[in-house]
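Asker: I need the structure of the sequence given here:
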Amino acid sequence: MQLALAIWPSVYSIASVMINQVSTMHLDSNSRPQWLDPLVTVGEYEELDMVLSSLGIQLQYNPGMVVALPGPLLHHGVGHVTRNRGSIAFYMWQSVHKHVDIVQCNFMHVSQVPIDC
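Answerer: Got it, this is the predicted structure:
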């Protein structure tokens, strides 16, 4: 795996490509709350919402949109479309980081910001 890491072009360990898939409400249990997972949607569809039930909101999820969210903290899902839709989800797995001894980060705190910024 160390050889693959040397040439891997992303901080994300995984990219999932989905075509015309419904994503039922879920949490991403393999990630960490500090990490934001970008989700990209493309296609020729209309009227699709991303539901963030943990926040009680629905976002218009139009073609070309990118949404970044902490997958283990927010229940999220996307419904059915009648036309073509593709999406790419980029994310990291905690187990991959542990396997290759990558230091786990914590949340930033305002006390960590230098005063002279």
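Asker: In space, what's closest to residue 81 - neighbours in sequence excluded?
Answerer: residue 45 (4.0 Å; CB to CB, 6 or more residues apart in numbering). Placement of C-beta: from N, CA and C, glycine included.
Asker: That neighbour touches residue 80, doesn't it?
Answerer: No: using CB atoms under 8 Å, residue 45 is not in contact with residue 80, being 9.7 Å away.
Asker: that older thread, quick check: phi and psi at the residue nearest to residue 81.
Answerer: With angles defined as degrees, to the nearest 10, residue 45 sits at phi -100, psi 170.
Asker: got it, and residue 19?
Answerer: phi -120, psi 120.
Asker: now the helices for the protein?
Answerer: Applying DSSP state H to the chain gives helices spanning 2-7, 94-99.
Asker: Give me the contact list for the first one.
Answerer: Among residues not part of helix 2-7, those counted as contacts by CB atoms under 8 Å, 6 or more residues apart in numbering are residue 100.
Asker: and residue 19, how many neighbours?
Answerer: The number of residues packed near residue 19 is 9, by other CB atoms under 10 Å.
Asker: quick one: contacts for the nearest residue to it once chain neighbours are set aside?
Answerer: Leaving aside its chain neighbours, residue 19 sits nearest to residue 86 (5.2 Å; criterion: CB to CB, 6+ apart). Applying CB under 8 Å, 6+ apart to residue 86 gives the contacts 17-20, 41-43.
Asker: Could you check how far residue 86 is from residue 102?
Answerer: 30 Å (CB to CB, to the nearest Å).
Asker: ok so, going back, can you flag the weakest of the helices of the chain by average pLDDT?
Answerer: The minimum mean pLDDT among the helices of the chain belongs to helix 2-7 (a mean of 73).
Asker: Just the CA coordinates for it, please, in PDB.
Answerer: As requested, the backbone C-alpha atoms of helix 2-7 are provided in PDB (Å, rounded to 0.1, in the frame of the first residue of the first chain):
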ATOM      1  CA  GLN A   2       2.900   2.400   0.600                       C
ATOM      2  CA  LEU A   3       3.800   2.300  -3.100                       C
ATOM      3  CA  ALA A   4       0.200   3.200  -4.000                       C
ATOM      4  CA  LEU A   5       0.200   6.100  -1.500                       C
ATOM      5  CA  ALA A   6       3.300   7.600  -3.200                       C
ATOM      6  CA  ILE A   7       1.400   8.100  -6.500                       C
END
